[in-house]
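1. Below: sequence and its predicted model.
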Amino acid sequence: MENILSKFKMQGYRITTIRLNIMSIFYLNKGIYSADEILGLLKKESINANKTTIYRELDFLLNNKFLVEVNIGRLKNSKSKLYEYNDEYFHHHHLICSKCSKVQHIKINEEYLDKEKNRIEHISDFKITNKFIEFSGVCLECQNKLNN
Ligand SMILES: [Zn+2]
Ligand SMILES: [Zn+2]
């Protein structure tokens, strides 16, 4: 949390209670949440905020790269935007369970991925600006349920 606080300060951003609380939810849980879920989690901690404030804060945190948007197709059957903590020291990808929607974070050989990126750019004339890979499948827990 310290590094987030100092990042806020260094960049001259105000540290409001709501801003701090939202960031600590993302940082401590390493989870993926929508605006509604954040609202629910804040309420649980008896922190009052309205939806407009939450959306404004999430936009702010996204634009300033404290959070990243996660594009997970069918996750949580959600049509709303999903966010997670932008960990610059842990560039990672996602394993998504299609039964329970649980998400696991995994590292991929980035050197290999970069080579693939270059190759893809070369054959498609497409300029790639982001590389996030999603694998879908069945998590261990759900595999065990299926086997029982
Ligand atoms: Zn599962
Ligand atoms: Zn992630």
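-> Received it, and whenever you're ready, just let me know what you need. Ligands and ions are numbered 1, 2, ... in the order given.
2. For ligand 1, see how far away R119 is.
-> 33 Å (C-beta to the ion, to the nearest Å). C-beta coordinates here come from the backbone N, C-alpha and C atoms, glycine included.
3. Work out for me the element that residue sits within.
-> helix 110-124 (DSSP states H and E).
4. What helices and strands are in contact with that helix?
-> Judged by 3 or more C-beta pairs under 8 Å, 6 or more residues apart in numbering; DSSP states H and E, helix 110-124 is in contact with no other helix or strand.
5. List the beta-bridge partners for the residue in the chain positioned nearest to ligand 2.
-> Relative to ligand 2, the nearest point of the chain is H105 (4.4 Å; C-beta to the ion). Under DSSP bridges, the beta-bridge partners of H105 are H94.
6. Now for it: which residues touch it?
-> K30, F90, H92, H93, H94, L95 (C-beta atoms under 8 Å, 6 or more residues apart in numbering).
7. Now do the same for it: its pLDDT.
-> pLDDT, H105: 89.
8. Any regions of this protein where pLDDT drops low?
-> Scanning the chain with the threshold set as pLDDT under 70 gives 73-78.
9. residues in it within reach of ligand 2, list them.
-> Within reach of ligand 2 by C-beta under 5 Å from the ion, the chain has these residues: E84, H105.
10. Can you give the domain ranges for the chain?
-> 1-90, 91-148 (automatic domain parsing).
11. that older thread, so can I have TSV of the contacts of H105 showing neighbour count?
-> Formatted as TSV, the contacts of H105 follow (neighbours: other C-beta atoms under 10 Å):
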residue	neighbour count
K30	12
F90	10
H92	14
H93	16
H94	19
L95	16
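12. Can you tell me which of these is nearest ligand 1?
-> L95 (9.9 Å).
13. which residue sits closest to that closest one in space, ignoring its chain neighbours?
-> Leaving out its chain neighbours, the residue that sits closest to L95 by C-beta to C-beta, 6 or more residues apart in numbering is Q104, at 4.2 Å.
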